[in-house]
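J.: Sequence and computational prediction follow.
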Amino acid sequence: QVQLVESGGGLVQAGNSLRLSCAVSRQTYSMAWFRQAPGKDREFVAAIGWSGDNTYYGDSVKGRFTISRDNAKNTVYLQMNSLKPEDTAVYYCTARSRESPLERHRVGVVDEYDSWGQGTQVTVSS
């Protein structure tokens, strides 16, 4: 079982930036960030392949968020710029351990991932 621990969340004003980190207990294949606001479904934020060359973003964060990974440190990052109040949510890091390739049109599907972190709260004030 892969263990994931998120960090870096907090309270920021709109327009500012935060960087989330996710420490992973061992190397995995695709990794992603999802978020969930109160009363809403879990929403896809960003995903990254093993090499880091392939990245994918949800429409609401394109151009503002950047996902990256450092395989030497078994860590995935989410740089969040130009934050908005609607970005307020618990952010979850997730990993895919299956060797079968993750199809591009499935990167935002919760069931394609095998392990989840406990989440970190991000609150953006207006």
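T.: Now that the structure is in, tell me what you want to look at.

J.: Report the beta-bridge partner residues of the most centrally placed residue in the chain.
T.: Centrality entry for the chain: nearest residue to the mean C-alpha point is W33, 1.7 Å, by CA atoms, centre = their mean. For W33, the beta-bridge partners are A46, C93 (DSSP bridges).

J.: With G10 instead?
T.: Note on G10: beta-bridge partners by DSSP bridges are V122.

J.: my guess is it meets L18, correct?
T.: Yes. Judged on CB atoms under 8 Å, G10 makes contact with L18 at a distance of 6.5 Å. C-beta: built from backbone N, CA, C; applies to glycine.

J.: Overlap in contacts, these two.
T.: Residues touching both G10 and L18 (CB atoms under 8 Å, 6 or more residues apart in numbering): V122.

J.: More neighbours: which of the two?
T.: Ranked by neighbour count (other CB atoms under 10 Å), G10 and L18 place L18 first, with 21 against 12.

J.: for the more buried one, which residues make a bridge with it?
T.: When bridges are called by DSSP bridges, L18 pairs up with M80.

J.: how much space between it and Y57?
T.: When distance is defined by CB to CB, to the nearest Å, L18 is 16 Å away from Y57.

J.: cool, and I48?
T.: 10 Å.
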